[in-house]
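> Pasting the sequence and the predicted coordinates here, then a few questions.
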Number of protein chains: 2
Amino acid sequence: MRKFLYILAAGVLATTAVYAADPVPADLRQTALELFKPLPSTIPAVKDNPITPEKIALGKALFFDPRMSASGVFSCNSCHNVGTGGDDNLETSIGHGWQKGPRNSPTVFNAVFNVAQFWDGRADDLKAQAKGPVQAGVEMANTPTQVVATLNSMPQYVTWFKAAFPDAADPVTFDNFAMAIEAFEATLIAPAPFDAYLNGDENALTLEAKQGLNIFMDKGCASCHGGINVGGEGYYPFGLVEKPGADVLPENDKGRFAVTNTADDSYVFRAAPLRNVALTAPYFHSGKVWDLKQAVAVMGTAQLGEELDERDVDLIVAFLGSLTGKAPEITYPILPAETATTPKPTANIGN
Amino acid sequence: MRKFLYILAAGVLATTAVYAADPVPADLRQTALELFKPLPSTIPAVKDNPITPEKIALGKALFFDPRMSASGVFSCNSCHNVGTGGDDNLETSIGHGWQKGPRNSPTVFNAVFNVAQFWDGRADDLKAQAKGPVQAGVEMANTPTQVVATLNSMPQYVTWFKAAFPDAADPVTFDNFAMAIEAFEATLIAPAPFDAYLNGDENALTLEAKQGLNIFMDKGCASCHGGINVGGEGYYPFGLVEKPGADVLPENDKGRFAVTNTADDSYVFRAAPLRNVALTAPYFHSGKVWDLKQAVAVMGTAQLGEELDERDVDLIVAFLGSLTGKAPEITYPILPAETATTPKPTANIGN
């Protein structure tokens, strides 16, 4: 952990050393505690889904299993890669038949703390979210019936479902598939130096990160990007003050409007949760901005109506670097072997 | 381990219980030791590539890193998935732009013990093999220059290469990329019940597996499928006695002929290493046969000129089940974060 903090600090210093002299308010941490919350030290309770070790283990297998996609090529981990910040570092994900998804893949890390899932919040929670990509034609292109048939074809999966859902008469269901994935994803929590700071360690942040935090709160960024995930708690128009260009905010994606069908929700999106943002370029739902400094500057003009100067941008980026968490250690699951009744992957059909 | 053996034994019994009464020769294990070798208990030495913990750790990161592909979508693990027997369970792999590869992806487990790599043996060893898919247009579609630029753009990779190649003036090279992957792959050894048997544990195999082993040796299967990997040691014509149909042996893939350009090598392939064969359907270089029993029957007619009866096929399959190894435990690597100079993935271009 000491080494991790050192590397982070070194990186931050390299970009922002010129601003080292400015002071920060003595009550900075107190102010921060009014707007943000540190990650908990334990796996959170999840609504209507008691978390057990058996459910987590099953969910991990499902998360990494490419046979949950029709083609046999994609797993949840393909687009929410636990080795690269919990996302895929693409503008928008590549799915079934090399189709391009409509929006940038969000990180799975700490996602359990978001108020709702997807950029438009159309899934109430992770168990609802987990059912989306597996059925989306441009992603995994599968069906609930086929997923259940695939799972039932492998005796090891049936055993694991029974262990994870011991009270269920019929444990292998698409609902339980989603519940198990939610249970695993609830363990994907990545505590960051900012948590150590909120918890009382004044040395966990560099001076630059503290200066950036001060600016972040002072300018009003925290009004939308607050709470435990530094965002992910509410819905706001992208372009509150000034709409960004169509490259960053494509006209045909009206965001939450598609969920609520109310005009006020045109171009409204869930404020991006900013934990691990330094690992999850490119940015915005369009994935069109690769540089975090540029993304911060876009936010300044679009949401605050203010051209942030270079110093402010650099320091905010230093603060955002303090949100990079230590990813959980995950042992790669050994997946059940197919049998004669396992539905065949469609990857080679029609090629 | 006890549980593992129990599950395997139960599976084998279920398919072959009807043949339980037949005896096996008293010297079966001695005969087997003349034809096969157990896996070693330690990571093997690799030619011209001293294995170090630093090299293994670097190789593991590279093996799992999708940014080694031009698109940013595929890693080595995509087609050699360590959770599914070290292969991808597709007829032939899906690569860049959803192109279909020409041959079935072989397992990476125990591959270090093969005499050469690829179905046609065109790579002398794993370090040579590792350079292939990353450059193949239908697979990862990258270039050595781009791979090295990608690696050099991430300071953490540069640090890891320096640690893995401490004597190199210029450690971040495409050659060293391949050497590190070879070092990691040399650790992917999966000892099976058959190893325990060869090492002296008479109870490691069920009676049916022993009967199958006896038939496997008696019929001459071990002439090609012998040695440490139960195959993978030499080159033989597919269709030695009788050519299988064009669905299984497509006419346009002449195998080793493309490597040696000698007529004798038409439709010659490296004998498939049979370790973990029960996990790695579909079978043959064409990937056209999904049922292991059918694959064994095809081998009977094509290579032995004999229609094996159902009993022989069932027992041989029981023996092949004893080659299913315990996959190594792998902690998913946390990969370095991209920087502003990291080449952009091409996945979203031209879509």
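Arrived safely. Residues are numbered from 1 along each chain as shown, chains lettered A, B, ... in the order given.
> For the residue most central in space within chain A, list the residues it contacts.
The centroid of chain A falls nearest to A:Thr107 when counting by CA atoms, centre = their mean (2.4 Å). Listed by CB atoms under 8 Å, 6 or more residues apart in numbering or on different chains, the contact partners of A:Thr107 are A:80, A:85-87, A:273, A:275-276, A:279-280. To be clear about C-beta, it is placed using only N, CA and C from the backbone, and glycine gets the same treatment.
> in a helix, that's where it is, yeah?
No: counting by DSSP: H, G, I helix; E, B strand; the rest coil, A:Thr107 is not part of a helix but coil.
> Got the phi and psi for it?
Main-chain torsions, A:Thr107, degrees, to the nearest 10: phi -70, psi 140.
> By mean pLDDT, point me to the weakest helix or strand of chain A.
When the helices and strands of chain A are compared on mean pLDDT, DSSP states H and E, helix A:2-16 comes out lowest with a mean of 43.
> My read is that A:Ala168 contacts A:Met179, right?
No: under the criterion of CB atoms under 8 Å, A:Ala168 makes no contact with A:Met179, lying 10.1 Å away.
> ok, how many other residues are close to A:Ile228?
21 (other CB atoms under 10 Å in any protein chain shown).
> I'd assumed A:Phe36 was in contact with it.
Yes: counting by CB under 8 Å, A:Ile228 does reach A:Phe36; the two are 7.2 Å apart.
> From chain B, how far off is A:Phe63?
11 Å (CB to the nearest CB, to the nearest Å).
> Just list the residues touching that residue, thanks.
A:Phe63 makes contact with A:75-77, A:181, A:184-185, according to CB under 8 Å, 6+ apart.
> which SSE is it in?
Following DSSP states H and E, one finds A:Phe63 within helix A:53-64.
> what do you get for A:Val241?
Going by DSSP H and E, A:Val241 is not in any helix or strand.
> ok, now which ones touch it?
Under the criterion of CB under 8 Å, 6+ apart, the neighbours of A:Val241 are A:301-305.
> roughly how far apart are it and A:Met217?
From A:Val241 over to A:Met217 the distance is 19 Å, taken as CB to CB, to the nearest Å.
> got the contact list for the residue of the stretch 151-300 of chain A found nearest chain B?
Going by CB to the nearest CB, chain B is nearest to A:Leu279 of the stretch 151-300 of chain A, at 4.9 Å. Listed by CB under 8 Å, 6+ apart, the contact set of A:Leu279 reads A:84-87, A:107, A:324, B:337.
> Point out the ones among these that are inside strands.
Applying DSSP state E to the contacts of A:Leu279, no entry is found in strands.
> okay, these in a markdown table with distance to B:Val289 and pLDDT next?
Below are these laid out as a markdown table (distance: CB to CB, whole Å; pLDDT from 0 to 100):
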| residue | distance to B:Val289 | pLDDT |
| --- | --- | --- |
| A:Thr84 | 36 | 98 |
| A:Gly85 | 40 | 97 |
| A:Gly86 | 38 | 98 |
| A:Asp87 | 38 | 97 |
| A:Thr107 | 41 | 98 |
| A:Thr324 | 48 | 98 |
| B:Ala337 | 43 | 95 |
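> What parts of the stretch 251-351 of chain A come near chain B?
A:278-279, A:281, A:287, A:290-291, A:324, A:327, A:329-335, A:337-338, A:340, A:344-345, A:347-348, A:351 (CB under 8 Å from any CB of the partner chain).
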